[in-house]
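**Student:** This is a predicted model, with the sequence first.
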Amino acid sequence: MDKKILFVLSMSVATFFAFNYFNKNQQAPQQYSTGNVPSEIRPGQAYSVPTAQDLARPVSTEIDFIDKKITQKEVTKEIETDLYKISFSNYGGIISTVDFKKHKGKDGAPLRTIYQRSFYEREEGAFLVALEAQTPYFYNLVDSKENEKNIEVTYQAEVNGWLIRKSYALQKDSYKIDLNLEFEPRKKDVTSIRPRLFYPAPFMGEVAGDVVSGFTIGVDGKSVNKVAPSDLNQAWILPAIFGGEDKYFVHGLVADKQGFVQRGFFKKTGNGIFPVLEGPEINQKNNYQLSFYVGPKLVDDLMMGDERLEDLLEFGWFSWFCKLLLKLLAYIYSLVGNFGVAIILLTILLKLPFVPLTIIGSKKQEEYQKYQPTLAKIRAKYKNDMQKMQQEVALFCKDHNISQFPPLIGCLPMLIQLPILLALYRILYSYLDLYQAPFFGWLTDLSSKDPYYVLPILMGLAMLWSQRLMPTGDDKQKVIMMFMPLFVTAIFINAPAGLVLYWLTNNLLTVGEAYLKKAIFRK
């Protein structure tokens, strides 16, 4: 392959990785209306949050609790499925903790995305129902039962003549949580209420650089759009999907059968955000069935929650290919039981089909290099007559049985590998199952950087080795190509170890190709 072309391709790949790594592939924010409530109401449409002076109802995230002091002891109830362990509390009738049993953290304990809150942090309770005035905080556990599909837990509280009942149904085979909200007046002439439902976006403090963002359904009702931090002051009309996410997990509304949600907006709390669902004004008995996905950002799990959540994976235009590679990686892991080994085997599997093409292209490039001085003289001689130059070059190549386009032939394997490389970058950077996945020795987490930088250094040396085995060009090209491994190593120095392992293996295979070519064409 011509070294100028190789340099451009390699620099393009390295630049792509650098841009994606440092910018986290953040999607451009959706364009929203700049006014208050849009004149034409469309489900999923966003608008600027109105003020108290506007005709539209302003959003409110402050909660007026009727219970100002601790008058009841907190009582928790733990429920377990094969997927997670959930703790409920009579304080707010909320979910106080969620632990994902299949995904371990740095201390070996299950990862947690919802955390225990004290009485004085009660505004941050998960699935807290708040009223515009005098919100009840002390609930009673009134029922708990289990069947083949679900585990159900029910809490209720009374305030100002209203009975509020919250029934959770945990699905045993998925990460969906159904929440039934029942509002029943217990006396005549009760004051109407307008409930709001709060729940936190997932946040994992142990994950370096974990960023929380919001998401909602688009106005087309099909695509899910991410909400940039600068747009969290918006409100959304009748959102069918609404929630928050971080690098590895999703908490979000996925179904609202009875039309409880009139608006959705976000409450900011330090490093996190709380999606808030505002219900309708209620003056008689009503029952609302809501469904939420509270689980990992893994393709199969998201699809079981709601197919539209798959958009949160941000695989881009070649998402189908990323999913295919994900399934292949998961299958190899199921055979070998080590993700590091699985990445190596996947790299070999993807590289092998192109070895013959790479060797042939490299051989043709070598043959072409031998005649470069003569071809350069022909081009110089006919530089003012392009047609004659092309004829003479074609005639010379035909007489010496060489291709006129060896650089393109040599580039073809890399062009074919490029989509594979970009797809692997996408999945290895954000694949939850790689979090805390060990390889061997000091490499205990393939989702984070190599703490001793051994893999990036080996990768750079392997790349330098492969450069030295390639057909040589002029001195300037040699200097440029020797500089490239240093540049790529600097880009990958803080990249996830799994990604560096892939690139290291790929470079070692390239070295192997060079030696195999010498053995095949040895004179």
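**Tutor:** Nice, thanks for sending it over.
**Student:** neighbours around residue 441, how many?
**Tutor:** 8 (other C-beta atoms under 10 Å). C-betas here are computed from N, CA, C, even on glycine.
**Student:** Would it be right to say that it lies in a helix?
**Tutor:** No - applying DSSP: H, G, I helix; E, B strand; the rest coil, one finds residue 441 to be coil, outside a helix.
**Student:** so how far is residue 347 from it?
**Tutor:** 20 Å (C-beta to C-beta, to the nearest Å).
**Student:** Check which residues of stretch 341-353 are buried.
**Tutor:** 341, 342, 343, 344, 345, 346, 347, 350, 351 (16 or more other C-beta atoms under 10 Å).
**Student:** Please, which helix or strand holds the second one?
**Tutor:** Counting by DSSP states H and E, the secondary-structure element that holds residue 342 is helix 339-351.
**Student:** State the number of residues packed around residue 101.
**Tutor:** Residue 101: 13 neighbours (other C-beta under 10 Å).
**Student:** Just say helix, strand or coil for it.
**Tutor:** Secondary structure of residue 101, per three-state DSSP, is strand.
**Student:** Provide a list of residues in contact with it.
**Tutor:** 80, 82, 83, 84, 85, 110 (C-beta atoms under 8 Å, 6 or more residues apart in numbering).
**Student:** can you list the weak-confidence ranges in this structure?
**Tutor:** Applying pLDDT under 70 to the chain flags the ranges 1-41, 47-57, 316-317, 359-369, 402-417, 470-481, 521-523.
**Student:** Now do the helices in it.
**Tutor:** Secondary structure of the chain (DSSP state H): helices at 3-23, 299-305, 319-336, 339-351, 355-370, 372-381, 386-399, 406-430, 454-468, 475-492, 497-520.
**Student:** okay, now the domains of this protein?
**Tutor:** With domains defined by automatic domain parsing, the chain comprises 3-21+320-520, 40-313.
**Student:** contacting residues for the residue most central in space within the chain?
**Tutor:** Nearest residue to the geometric centre of the chain (C-alpha atoms, centre = their mean): residue 313, 4.2 Å. For residue 313, the contacting residues are 297, 299, 302, 319, 322, 430, by C-beta under 8 Å, 6+ apart.
**Student:** what's the neighbour count on the closest residue to the fifth one other than its chain neighbours?
**Tutor:** Excluding its sequence neighbours, the residue lying closest to residue 322 (C-beta to C-beta, 6 or more residues apart in numbering) is residue 315, at 4.0 Å. Residues near residue 315, counting by other C-beta under 10 Å, number 20.
**Student:** doesn't residue 325 make contact with residue 315?
**Tutor:** No - between residue 315 and residue 325 there is no contact under C-beta atoms under 8 Å: 9.8 Å.
**Student:** what touches both of these two?
**Tutor:** What both residue 315 and residue 325 touch, as defined by C-beta under 8 Å, 6+ apart, is the set 423, 427.
**Student:** check contacts around the residue of the chain most remote from its centre.
**Tutor:** Largest separation from the mean C-alpha position in the chain: residue 381, at 56.5 Å (C-alpha atoms, centre = their mean). Contacts for residue 381 were tallied using C-beta under 8 Å, 6+ apart; they are residue 392.
**Student:** Tell me how far it lies from residue 80.
**Tutor:** 82 Å.
**Student:** same thing with residue 497?
**Tutor:** 33 Å.
**Student:** residues in contact with residue 281?
**Tutor:** Shown in contact with residue 281 (C-beta under 8 Å, 6+ apart): 192, 193, 194.
**Student:** how about a cut-off of 10 Å?
**Tutor:** The neighbours of residue 281, taking C-beta atoms under 10 Å, 6 or more residues apart in numbering as the test, are 57, 132, 192, 193, 194, 195, 262.
**Student:** Next: residue 309.
**Tutor:** Here residue 309 is in contact with 215, 224, 241, 243, 245, 250, 252, 254, 293, 295, 297, 299, 301-303 (C-beta under 10 Å, 6+ apart).
**Student:** sorry, back to before: elements contacting the helix holding residue 342?
**Tutor:** The contact analysis (3 or more C-beta pairs under 10 Å, 6 or more residues apart in numbering; DSSP states H and E) places helix 339-351 against helix 319-336, helix 406-430, helix 497-520.
**Student:** Just want the angle from that helix to helix 497-520.
**Tutor:** Relative orientation of helix 339-351 versus helix 497-520 (axes from the mean of the first three to the mean of the last three C-alpha atoms, to 10 degrees): 40 degrees.
**Student:** Going forward, count from 27.
**Tutor:** With 27 as the first residue, the last one maps to helix 365-377.
**Student:** CA atoms only for helix 365-377, dumped as CSV, please.
**Tutor:** Taking Å, rounded to 0.1, in the frame of the first residue of the first chain, the C-alpha atoms of helix 365-377 are listed here in CSV:
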residue,chain,number,x,y,z
PHE,A,365,-13.7,-11.1,27.6
GLY,A,366,-10.0,-10.4,26.9
VAL,A,367,-9.6,-13.7,25.2
ALA,A,368,-12.9,-13.2,23.4
ILE,A,369,-11.7,-9.8,22.0
ILE,A,370,-8.5,-11.5,20.7
LEU,A,371,-10.4,-14.3,19.1
LEU,A,372,-12.9,-11.9,17.6
THR,A,373,-10.1,-9.8,16.1
ILE,A,374,-8.5,-12.9,14.6
LEU,A,375,-11.9,-14.1,13.2
LEU,A,376,-12.5,-10.7,11.6
LYS,A,377,-8.9,-10.5,10.2
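**Student:** quick check, distance from it to the centre of its chain.
**Tutor:** 22 Å (C-alpha atoms, centre = their mean, to the nearest Å).
**Student:** follow-up on the earlier one: in PyMOL, how would I select the buried members of the contacts of residue 307?
**Tutor:** The buried subset of the contacts of residue 307, as determined by 16+ other C-beta under 10 Å, is captured in PyMOL by this line:
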select buried, resi 158+219+220+221+288
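**Student:** Looking at the contacts of residue 307, which one is closest to residue 150?
**Tutor:** residue 221 (17.5 Å; C-beta to C-beta).
**Student:** Give me the nearest residue to the closest one, chain neighbours excluded.
**Tutor:** Residue 221's closest residue in space is residue 305 (C-beta to C-beta, 6+ apart), at 4.5 Å.
**Student:** Please apply the same query to residue 400.
**Tutor:** residue 422 (7.0 Å).
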